[in-house]
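Student: sequence? don't have it. structure:
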Ligand code: BEZ
Ligand code: FE
């Protein structure tokens, strides 16, 4: 009997053969990624001694995850989020100056084209909740004010639901864009966010439910800040004292992004108006990195 020809696969040589084959990838960066992926996948498979049933279960899980992903629901992004992969990619690609506002995950619920509102415009548009003013400025790393920066803001409602999860809603709900004034100041009017569960009715939820992992995110408001001459900033502000700050299911919480929501009685508000109800104010100065 002769030895197996070197180009035919055995358990011992299949990794080397597959890496060699994928090393023919034309683009050098894609080649680097694909050959490393093959090596790590094979190492993982050997390490856990993957059975055929387990492999098939994984294939079915990936299929369901893909089938549930569309422009309104990003189940694959959610999978990446709960595995800590999204946040690792953010951390590696946004090694910000310690003085700059840190970045965090985008999440699956951002919608393009939110309406533009003026200083203090109300993005909650009468939805139930405690009025919240988010106020402060946008500056550059050197402290100079950044006028004309666009703050794209979005959040969940009192029940932890985002507009993208409500197919019957066809107008902007709890999202808006604000432009900083020449002195860098901004004022967002909304309602206090609450902590919420990530969607648990899909394959990601099925898997998380088989663990001791908390499936909640702490109360937060999302921001995407863009302006010429500076790097875009994707971040959140979290409510100080909120539940789940220490166990955010998507690893997105950072101490520098946790802010006090100061309580005020009825009276004058930062937009120049008055509130007949008690209201909250979160003050935060965003610091952008030059491009
Ligand atoms: C969010 O904050 O909207 C979010 C982020 C990651 C997964 C689910 C939700
Ligand atoms: Fe969120």
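Tutor: Done, it's in. Everything numeric here is computed off the predicted structure, so don't read it as measured data. Residues are numbered from 1 along each chain as shown. Ligands and ions are numbered 1, 2, ... in the order given.

Student: next, the contact list for the residue in the chain positioned nearest to ligand 1, please.
Tutor: Minimum separation of the chain from ligand 1 (Cβ to the nearest ligand atom) falls at residue 107, amounting to 2.8 Å. For glycine as for every other residue, the C-beta is placed from the backbone atoms N, C-alpha and C. Under the criterion of Cβ atoms under 8 Å, 6 or more residues apart in numbering, the neighbours of residue 107 are 77, 81, 222, 250, 252.

Student: for it, which three-state class applies?
Tutor: Classification of residue 107 using DSSP: H, G, I helix; E, B strand; the rest coil returns coil.

Student: tell me the pLDDT at it?
Tutor: Predicted confidence (pLDDT) for residue 107: 89.

Student: so what's the residue count around the closest residue to residue 178 other than its chain neighbours?
Tutor: Spatial nearest neighbour of residue 178, chain neighbours left out: residue 151 (4.7 Å); criterion: Cβ to Cβ, 6 or more residues apart in numbering. Neighbours of residue 151 under the rule other Cβ atoms under 10 Å: 21.

Student: ramachandran angles for residue 151?
Tutor: For residue 151, the backbone dihedrals are phi -100, psi 110 (criterion: degrees, to the nearest 10).

Student: isn't it right next to residue 138, touching?
Tutor: Yes: counting by Cβ atoms under 8 Å, residue 151 does reach residue 138; the two are 7.5 Å apart.

Student: what is in contact with these two at once?
Tutor: Counting by Cβ under 8 Å, 6+ apart, the common neighbours of residue 151 and residue 138 are 180, 186, 225, 286.

Student: mind naming the longest helix for this protein?
Tutor: helix 28-48 (DSSP state H).

Student: what helices and strands are in contact with that helix?
Tutor: Under the contact criterion of 3 or more Cβ pairs under 8 Å, 6 or more residues apart in numbering; DSSP states H and E, helix 28-48 touches helix 14-22.

Student: can you check what angle separates the helix it packs on from helix 28-48?
Tutor: 170 degrees (axes from the mean of the first three to the mean of the last three Cα atoms, to 10 degrees).

Student: and for helix 14-22, what's in contact with it?
Tutor: Helix 14-22 is touched from outside by 7, 9, 31, 34-35, 38-39, 42-43, with contacts defined as Cβ under 8 Å, 6+ apart.

Student: so which of these is the most crowded?
Tutor: Counting by other Cβ under 10 Å, residue 38 has the largest number of neighbours within the contacts of helix 14-22, with 20 neighbours.

Student: mind checking how far it is from residue 60?
Tutor: 22 Å (Cβ to Cβ, to the nearest Å).

Student: and the protein, which of its residues are near ligand 1?
Tutor: For the chain, the residues in contact with ligand 1 (Cβ under 6 Å from any ligand atom) are 78, 81, 105, 107-109, 198, 217, 250.

Student: from those, keep the buried residues only.
Tutor: Neighbour-count burial (16 or more other Cβ atoms under 10 Å) is assigned, among these, to 78, 81, 105, 107-109, 198, 217, 250.

Student: can you tell me which of the contacts of residue 107 are in strands?
Tutor: Among the contacts of residue 107, the ones falling in strands (DSSP state E) are residue 222.
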